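# A predicted structure for the sequence below; I have some questions about it.
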Amino acid sequence: MPSTPEQQTATDDVVLVEDTDGVRTITLNRPAAYNSLNIELKNRLVETLRDTASDDDVRAVVLTGAGKAFCAGQDLKEHVGLLLDKDPAPLSTVEEHYNPIATSIAEMPKPIIAAVNGPAAGAGAAFAYAADVRVAASSANFLMAFANVGLGPDSGASWTLQRLIGYGRALELMMLPRKVHADEALRIGLVSEIIEDTGNGEVLARARELAAKLATGPTVAYQKIKQTLSAATSSSFREALAAEQVAQNELGATSDHHEAVDAFVNKRDPKFTGA
């Protein structure tokens with residue numbers, strides 16, 4: 001959850017959306033507050049992710065932050081203020097905001113890439129963990145800061161982090177919070193790629209490049225791949241085989257599969273439509 005800095009002006013749109021050739025870039029836009037998560041931003045992000053999931057024109061997604069940070073997690077300044085005012089909002093935010101956001105990212109029916117352009121902490125880091133691919137700037141770092149404020153993990157971090165880096169290491173990073181810098185994140189499998197950061201948006205450009213490639217691919221197959229892998233984490237080997245069989249039967253009947261076979265036979269590049 002953590003964060004601090006000063007608030008952005010109320011007139012700024014806290015979530016920016018840009019569509020280019022089937023790729024939607026969603027930018028958390030509170031740079032003066034390191035994109036920390038206040039109620040306004042959380043509400044807008046839930047809405048934006050749900051709209052993105054249902055928009056057939058969007059074939060791949062990039063999630064990033066404005067300014068020097070990806071997302072510093074919960075806006076603690078707002079959080080403390082609400083607690084002092086005995087407002088119930090802080091106690092319900094996991095159910096109302098963090099669970100829907102994390103679910104929308106993890107179950108996005110199209111590829112989603114986290115362009116981690118700077119520090120990612122608490123729920124902000126968890127959002128990156130829930131994405132399909134994480135590309136990090138050399139200036140990025142990750143911090144599971146929940147224990148520092150007397151809390152446990154949320155936003156799916158208890159599920160995602162151990163699957164990325166293993167149970168023991170995930171437990172250590174949650175109980176003994178420390179920053180995991182980009183080079184270590186790459187070494188332990190937390191991110192797939194580090195991009196040298198000179199302040200010109202290199203990591204976002206790389207994430208968009210990957211997203212553009214995915215957007216031209218068989219997105220219906222990508223969705224099935226995500227579903228079968230997720231199901232396999234809590235199933236037996238035989239159950240995983242059965243799930244794969246169902247998915248293959250369904251995918252074998254798609255236009256994308258027929259197009260790919262025809263393209264292979266005729267030695268041309270396939271043109272996938274996601275159908």
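Perfect, thanks for sending it.
# export the helix or strand residue 223 falls within to PDB, keeping only CA atoms.
Assessed by DSSP states H and E, residue 223 sits inside helix 219-232. In PDB, the C-alpha atoms belonging to helix 219-232 read as follows (Å, rounded to 0.1, in the frame of the first residue of the first chain):
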ATOM      1  CA  THR A 219      -5.400 -13.100 -29.200                       C
ATOM      2  CA  VAL A 220      -8.000 -15.700 -28.700                       C
ATOM      3  CA  ALA A 221      -5.200 -18.300 -28.200                       C
ATOM      4  CA  TYR A 222      -3.400 -15.900 -25.800                       C
ATOM      5  CA  GLN A 223      -6.600 -15.800 -23.700                       C
ATOM      6  CA  LYS A 224      -6.800 -19.600 -23.600                       C
ATOM      7  CA  ILE A 225      -3.100 -19.900 -22.700                       C
ATOM      8  CA  LYS A 226      -3.600 -17.500 -19.800                       C
ATOM      9  CA  GLN A 227      -6.600 -19.500 -18.600                       C
ATOM     10  CA  THR A 228      -5.000 -22.900 -18.800                       C
ATOM     11  CA  LEU A 229      -1.800 -21.800 -17.100                       C
ATOM     12  CA  SER A 230      -3.800 -20.200 -14.300                       C
ATOM     13  CA  ALA A 231      -6.000 -23.300 -13.800                       C
ATOM     14  CA  ALA A 232      -2.900 -25.500 -13.800                       C
END
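# what's the burial count for the closest residue to residue 232 other than its chain neighbours?
In this structure, residue 232 finds its nearest non-sequential neighbour in residue 240, 4.2 Å apart by C-beta to C-beta, 6 or more residues apart in numbering. In short, each C-beta sits where N, CA and C put it, glycine included. Per other C-beta atoms under 10 Å, the neighbour tally for residue 240 reads 16.
# residue contacts, residue 240?
228, 231-232 (C-beta atoms under 8 Å, 6 or more residues apart in numbering).
# of the residues you listed, grab the buried ones for PyMOL.
The PyMOL selection below is limited to those of these classed as buried (16 or more other C-beta atoms under 10 Å):
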select buried, resi 228+231
